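1. Task: produce atomic coordinates for the following.
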Amino acid sequence: MEDSKNLSIFQGLSNYIDKKEILTSIISQLEKDTGLDYTQIEIDAENLHFLQMLRKDLANHLKKVAGQNQTRFMHLIYRVDITQAKMNTIEMDEFYFHNLAELVLNRMFQKTITKRYIK
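-> Numbers count the residues shown, from 1 in each chain. Predicted structure coming up:
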């Protein structure tokens, strides 16, 4: 899977005027749910490479957690709210964590948009 492939979250963001605000909310939720720290990065919602870096970083983190502690990994997946059925749709190949990171980012996008409409 090439990094130049468009992320579905990038396509979803393109429908909103306040992309940076939405992406900031997504990253905040991602930090809360995964324990990753993005406080030192500059958010660039217009740049596909930024989102690809975010996905790659998340994929590496998921792979690391899964390799160290399967219980902690499953807890993280539960906290992010990825269903077992969704996880079962991901092919167990060399792109597994890349695809899982994509699912996580899309779920963060859904949570963020839902919260905005409930307010």
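2. alpha carbons only for contacts and neighbour counts from here, please
-> OK.
3. Helices of the protein, residue ranges please.
-> Applying DSSP state H to the chain gives helices spanning 8-13, 19-34, 48-68, 70-80, 84-88, 96-118.
4. And residue 38, how close does it get to residue 23?
-> Distance of residue 38 to residue 23, computed by C-alpha to C-alpha, to the nearest Å: 12 Å.
5. And for residue 118?
-> The gap separating residue 118 from residue 23 is 18 Å, by C-alpha to C-alpha.
6. Comparing the two, which residue is more hemmed in?
-> residue 23 (21 against 6; other C-alpha atoms under 10 Å).
7. Check the offset of stretch 39-55 from the chain's centre.
-> For stretch 39-55, the distance from its own C-alpha centre to the chain's C-alpha centre is 12 Å (C-alpha atoms, centre = their mean, to the nearest Å).
8. So what would you say the end-to-end distance of that stretch is?
-> End-to-end span of stretch 39-55 (C-alpha to C-alpha): 16 Å.
9. leaving aside the residues next to it on the chain, what's closest to residue 108?
-> residue 26 (5.5 Å; C-alpha to C-alpha, 6 or more residues apart in numbering).
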